[in-house]
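Student: return atomic coordinates for the entry below.
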Amino acid sequence: MSVCLRMCEKVPIVVILGCTGAGKSKLALELASKYNGEIISADAMQMYKGLDIITNKVTEEEQKIVKHHMIDVLDSTDEKTVVEFRNTALPIIENLMEEGKIPFICGGTNYYIESLLWKVLVDDDASIIQQNKRKSDNDTENPGKRMKNIPSSEDDPCEGDESRLDFDLDAMPDKDDGTIPLDVLWKKLKEVDAARTTQLVQSERRKIWRSLQVWRQHGVRHSDVLASQGEGSLGGGLRFPANRICIIEVWSEKEILNDRCNRRVDKMIERGMVQELIQFHQSYSQTRRMNAEGDIDYTKGIFQSIGFKEFHNYLLLSEEEKETERGKEEFQKGVEFLKIATRQYARRQAKWMRRRFTVNHREAPPVYRVDSSQPELWKEKCYDPASKILQAYLDGKLPEEAVPLERIDLDELDYQNNKQKFTCQLCQKEFKGRRQYEAHIEGRRHKKELSRKLMQEPAITLRLNNFPADRKAEVAKILKNTFNKPLNEILEILESSTGCTTDFCELTQVKPRSKAENLQKCLAKHGIVVDLVENKTILDAQIES
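Tutor: Prediction:
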């Protein structure tokens, strides 16, 4: 046993990070081949059997060169959570280390990688669970029945008997099969963990489900667990010593990476990606993954793969329709949508890596970067530097030539831009982060709804307040032409305008408010003072604290 422990202490864990198209799989394969290691795939979609092209799996020939784990382990209709991935992959890593083999973790699902390196999942930290379980028990009258310890309607005067939910958390399945409506889950989370709902938006079904599972399985509020981990915390500590975790990021310049993403899509199409999608769509979509409306649920399982949603309209066409002009148009749209989605996914990956692997708010090993921007210089700028970094870890020292990436601080502005919850009261939509909220405010749908709402508001009354008495005839002519009223009616208003607070001084009613304000400004240029009388309606979006 002591021999195994000594061997484990010498064997590093190698993590190859990188955006889609950067070349991380190529580097992992070459390094694992040289150092007699094995690769643990951390790609959620490559775990599914089939769809080899769309998920860009390593070939059978490459798997013969280096043994790969966590590939083709699920049927297409199965689901696997990050908890199950961690529970399956960690023993593989530990076994490899005991055998003296280097585990190479590589894949595009970065939060899977994170779950292997850090204790970020709730059940990773027993002390925090126990501490908050006692807290939850003390907050209730009957700690012996934690599943029934949900605040009653007497605790919340706004919630009556009619709002009680019709599903029992005890009977809640381990996996979300989509049968429980999202609004029901959201209301249940408000009952058991109201603080957590201030951190989420209602569209985040997975996180809502996970928080309910934390309460059901452990008897603690998810918000309490997160608070116990500390302000700004990204979870628990490292599983392995930091000096035994070798993290290498394969990086490429943005424009080059965008071009690679586009060419990658073209190459996948040449290899038969669309036919692969069609065959899979025909075989499975009619039996599984349908939501309550009968549409394909693109938030579950293999259907999350980039490609299904982008080619949705094309996949629904018959074989004859696919050959028509409409079919060709839908195909081209699918290609463009797929290229956009691939580039956006690469940017999200880069953002995730920066905010999770190189921040000062957690214990973390250094991250080293190699440059794959120039394929013709792959060996000089990518493979050789990475090999030297890994060799230093094998020698029990830090790399001498390579400089790790600078660590960053996550400030309040970063919190507002990415995590703070914003609500547009006008459109009744919630947004995670200021960027999403501001993009919505500037968007066509919000402006259309704003215009519609403005036209539904009560009209603004323009009431005459004052005018130059020595220019009464001129004022009467201006008002007659502006409001298209008979002259005798205008003269009557002018006669009764001094100190007037009745409807006799009313000139007209208009909407929206902007039009009333323009009329007020125009009349003011002639010395005519009018008041605007309105029933104020608050349209501004409000921020939930």
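Student: hmm, Lys480 is touching Ile490, no?
Tutor: Yes. Contact criterion C-beta atoms under 8 Å: Lys480 and Ile490 qualify, at 5.1 Å. C-beta here means a position set from N, CA and C on the backbone, and glycine is covered the same way.
Student: settle it for me: which of the two has more neighbours?
Tutor: Ile490 (21 against 16; other C-beta atoms under 10 Å).
Student: roughly how far does that one sit from Ala516?
Tutor: 19 Å (C-beta to C-beta, to the nearest Å).
Student: repeat that for Lys207.
Tutor: To Ala516, Lys207 is 45 Å away according to C-beta to C-beta.
Student: okay, these two: which has more neighbours?
Tutor: Higher neighbour count among Lys207 and Ala516: Ala516, with 21 against 15, using other C-beta under 10 Å.
Student: residues in contact with the helix or strand encompassing Ile248?
Tutor: Under the criterion of DSSP states H and E, Ile248 resides in strand 245-251. Residues outside strand 245-251 that contact it (C-beta atoms under 8 Å, 6 or more residues apart in numbering): 12-18, 22-24, 27, 117, 238, 353, 357, 365-373, 382, 386, 389-390, 393, 405.
Student: select only the buried ones of these in ChimeraX?
Tutor: With 16 or more other C-beta atoms under 10 Å as the criterion, this ChimeraX line picks the buried residues out of the contacts of strand 245-251:
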select :12,13,14,15,16,17,18,22,23,24,27,117,353,357,365,366,367,368,369,370,371,372,373,382,386,389,390,393,405
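Student: buried residues in the helix or strand just after the strand holding Ile248?
Tutor: Of the helices and strands lying after strand 245-251 in sequence (DSSP H and E), the nearest is helix 254-270. Of all the residues in helix 254-270, those buried under the rule 16+ other C-beta under 10 Å are Leu257, Asn258, Arg260, Cys261, Asn262, Arg264, Val265, Met268, Ile269.
Student: please, where are all the strands along the stretch 101-250 of the chain?
Tutor: Here the stretch 101-250 of the chain has its strands, by DSSP state E, counting those that start in this stretch, at 103-106, 245-251.
Student: quickly compare those strands and say which is most buried.
Tutor: Stretch with highest mean neighbour count among the strands of the stretch 101-250 of the chain: strand 103-106 (a mean of 26; mean count of other C-beta atoms under 10 Å).
Student: ok, it: who's next to it in the sheet?
Tutor: strand 13-18 (parallel), strand 38-41 (parallel) (DSSP bridges).
Student: out of the ones you listed, nearest to Arg348?
Tutor: Nearest to Arg348 among those is strand 13-18; the distance by C-beta to C-beta comes to 13.2 Å.
Student: before we move on, the earlier item: kindly calculate the angle that the strand holding Ile248 makes with strand 13-18.
Tutor: Here the directions of strand 245-251 and strand 13-18 differ by 20 degrees (axes from the mean of the first three to the mean of the last three C-alpha atoms, to 10 degrees).
Student: and the residue nearest to Arg244 when sequence neighbours are not counted, what does it touch?
Tutor: Counting by C-beta to C-beta, 6 or more residues apart in numbering, the nearest residue to Arg244 once its immediate chain neighbours are dropped is Pro12, at 5.1 Å. Applying C-beta under 8 Å, 6+ apart to Pro12 gives the contacts Ile102, Arg244, Ile245, Cys246, Leu390, Tyr393, Leu394.
Student: between the residues you listed, which is closest to Leu494?
Tutor: The closest of the contacts of Pro12, once distances to Leu494 are taken by C-beta to C-beta, is Ile245, at 84.8 Å.
Student: mean confidence for the strand holding Ile248?
Tutor: Averaged across strand 245-251, the pLDDT comes to 97.
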